[in-house]
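Asker: my questions concern the predicted model and sequence given below.
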Amino acid sequence: MSLRETIRVEGVVVEVVGLGVGRVELPNKHRVLAHLSGEARLRFTSLSPGERVVLAMSPFDLSQGSIIGKS
């Protein structure tokens, strides 16, 4: 597996922790801390609970993710 490979998964924002940071619940009920990526930060102004988002996660650390879009 290459270092550049990411896992893409959809989830629902459960809690907003800070500006552009929130807890996202995945379909398997696992919760991860996610932040808006640079490109997504330009398109979205904020996160709100209940939003469906797409995450990019590293296969090496499954406790964090980067929000790359809305679904």
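Answerer: Received it, and whenever you're ready, just let me know what you need. Residues are numbered from 1 along each chain as shown.

Asker: only C-alpha atoms for contact and neighbour calcs from this point on.
Answerer: Fine.

Asker: show me where pLDDT drops low in the chain?
Answerer: 1-3 (pLDDT under 70).

Asker: how about the helices of it, start to end?
Answerer: All helices of the chain, identified by DSSP state H, fall at 38-43.

Asker: okay, strands next: where are they in it?
Answerer: Under the criterion DSSP state E, strands of the chain are mapped to 7-18, 21-25, 31-36, 52-58, 61-70.

Asker: now do the same contact list for E15.
Answerer: By C-alpha atoms under 8 Å, 6 or more residues apart in numbering, the contact list for E15 reads G22, R23, V24, S48, P49.

Asker: could you redo the last one with a cut-off of 6 Å?
Answerer: E15 makes contacts with G22, R23, P49, as judged by C-alpha atoms under 6 Å, 6 or more residues apart in numbering.

Asker: quick check: G22 vs R4, distance?
Answerer: Computed as C-alpha to C-alpha, to the nearest Å, the G22 to R4 distance reads 24 Å.

Asker: which of those two has more neighbours?
Answerer: G22 (23 against 7; other C-alpha atoms under 10 Å).

Asker: nearest residue to the more buried one in space, please, no chain neighbours.
Answerer: Leaving aside its sequence neighbours, G22 sits nearest to V16 (C-alpha to C-alpha, 6 or more residues apart in numbering; 4.2 Å).

Asker: pretty sure that neighbour contacts V24?
Answerer: No - between V16 and V24 there is no contact under C-alpha atoms under 6 Å: 8.9 Å.

Asker: who's more crowded, these two?
Answerer: V24 (30 against 18).

Asker: okay, and the beta partners of that one?
Answerer: V13, V32 (DSSP bridges).

Asker: what residues are up against it?
Answerer: Neighbouring residues of V24 by C-alpha under 6 Å, 6+ apart: G11, V12, V13, V14, R31, V32.
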